[in-house]
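**Student:** Please work out how this folds:
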Amino acid sequence: MEIPLRIRILLWWKIIFRRKNNQSELVKIGENGQGVATILFLLPAEKEYAQIAGYFVKEDFDNQLRQIHYVVHKNGLRFYPDQLKPNIITFNDKDLNFLGGLVSKSILDRIRSIEYDALVDLNQSLDQTLSLLSLELDIPVKIGFQSPISDKLYTLEIQKSTKGFLEQTYETIERLLGLV
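**Tutor:** Purely as a prediction, here's the structure:
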């Protein structure tokens, strides 16, 4: 898999210049833990991935015990259920710099206004500058799909299933977060 040049540049820029915060709060998601209380989902805007992701996040929206927010490009908003829209943070091309990095202070402040326990990146394509947002956020549990750069972005990597269905992968994520 070839990583686009702009993604490589953004990745190295963020790795070199991001602020270091070595203190992170532990979140117990195991047997005696309650799971995570606040979750931020990074949603895909491409139709092929968004339709399945939309079904997945719709099921989790009904969970009254958790505070769940979503970030998606404005072009992908139409693929997600209307009941999610109050919790969706959207951005458009004007909110990105020339390389595609999210630079809108108001959007970044809105995302940072909540201390999330977990970040789940449901983007699967390599050309996702939104995935690099995970480098800027101090969230203890970061889950995303395996890629050549995922070890720099996430604390837990989910291997893409070549044989099975994508729904099984989403069920694994739900179990990891204590949603089921």
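**Student:** In space, what's closest to residue 114 - neighbours in sequence excluded?
**Tutor:** residue 38 (5.9 Å; Cβ to Cβ, 6 or more residues apart in numbering). Backbone N, C-alpha and C define where each C-beta goes, glycine included.
**Student:** again, but for residue 177
**Tutor:** Going by Cβ to Cβ, 6+ apart, residue 177 has residue 36 as its nearest residue, at 5.2 Å.
**Student:** quick one: the one you found and residue 66 touch, right?
**Tutor:** Yes. Using Cβ atoms under 8 Å, residue 36 is in contact with residue 66, at 6.9 Å.
**Student:** between these two, who's got more neighbours?
**Tutor:** residue 36 (25 against 18; other Cβ atoms under 10 Å).
**Student:** Got phi/psi on that one?
**Tutor:** phi -90, psi 150 (degrees, to the nearest 10).
**Student:** Distance of it relative to residue 42?
**Tutor:** 15 Å (Cβ to Cβ, to the nearest Å).
**Student:** and what of residue 151?
**Tutor:** 17 Å.
**Student:** Give the residue spans of the protein that score low on pLDDT.
**Tutor:** 1, 14, 17-34, 59-64, 126-127, 161-165, 180 (pLDDT under 70).
**Student:** which strand in it runs the most residues?
**Tutor:** In the chain, taking DSSP state E as the definition, the longest strand is strand 67-73.
**Student:** Can you give me the buried ones in that strand?
**Tutor:** By neighbour count on 16 or more other Cβ atoms under 10 Å, the buried set for strand 67-73 is 68-73.
**Student:** Return the member of those nearest to residue 3.
**Tutor:** residue 73 (19.4 Å; Cβ to Cβ).
**Student:** So that closest one sits against residue 91, correct?
**Tutor:** Yes. Taking contacts as Cβ under 8 Å, residue 73 lies within contact range of residue 91: 6.2 Å.
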